[in-house]
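Q: predicted model, plus sequence, below.
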Amino acid sequence: MAINVTLDLMLVMRKTSSRELAAAIGISETNLSLIKSGKIKGVRFSTLNAICSYLECQPGDILSFEPD
């Protein structure tokens, strides 16, 4: 897939764990793990908004496009 998820990098930069983020935005750690791995077909804008709000970042900070 041409969309890469760099959420792990942002978590390290913000010194936050996946567990903390999942609890703060109200999703399971399993769902957050699926988002981080890119093994999902889509993510709701409300979830993306909550992630960016908590991490104080832009969507482009956690998602990138690399053509095949």
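A: Arrived safely, thanks for sending. Numbering: from 1, shown residues only.
Q: shaky segments in the protein?
A: 1 (pLDDT under 70).
Q: repeat the analysis, applying 50 as the threshold.
A: Within the chain, no stretch has pLDDT under 50.
Q: send me the helix ranked longest in it as PDB with only the CA atoms.
A: In the chain, assigned by DSSP state H, the helix with the most residues is helix 45-55. In PDB, the C-alpha atoms belonging to helix 45-55 read as follows (Å, rounded to 0.1, in the frame of the first residue of the first chain):
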ATOM      1  CA  PHE A  45     -11.900  11.200  10.900                       C
ATOM      2  CA  SER A  46     -13.000  11.300  14.500                       C
ATOM      3  CA  THR A  47     -10.300   8.800  15.500                       C
ATOM      4  CA  LEU A  48      -7.700  10.700  13.400                       C
ATOM      5  CA  ASN A  49      -8.800  13.900  15.000                       C
ATOM      6  CA  ALA A  50      -8.500  12.500  18.500                       C
ATOM      7  CA  ILE A  51      -5.000  11.100  17.800                       C
ATOM      8  CA  CYS A  52      -3.800  14.400  16.400                       C
ATOM      9  CA  SER A  53      -5.400  16.400  19.200                       C
ATOM     10  CA  TYR A  54      -3.800  14.200  21.900                       C
ATOM     11  CA  LEU A  55      -0.400  14.100  20.200                       C
END
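Q: other SSEs contacting that helix?
A: If you count contacts as 3 or more C-beta pairs under 8 Å, 6 or more residues apart in numbering; DSSP states H and E, helix 45-55 packs onto helix 7-13, helix 18-25, helix 59-62. (C-beta placed from N, C-alpha, C; glycine too.)
Q: next, the angle from the second one to helix 45-55.
A: Translated: helix 18-25. Using axes from the mean of the first three to the mean of the last three C-alpha atoms, to 10 degrees, the inter-axis angle of helix 18-25 relative to helix 45-55 is 120 degrees.
Q: mind listing what the residue nearest to Ser17 when sequence neighbours are not counted touches?
A: Closest residue to Ser17 apart from its sequence neighbours, by C-beta to C-beta, 6 or more residues apart in numbering: Leu11 at 7.0 Å. Counting by C-beta atoms under 8 Å, 6 or more residues apart in numbering, Leu11 touches Ser17, Ser18, Leu21, Leu55.
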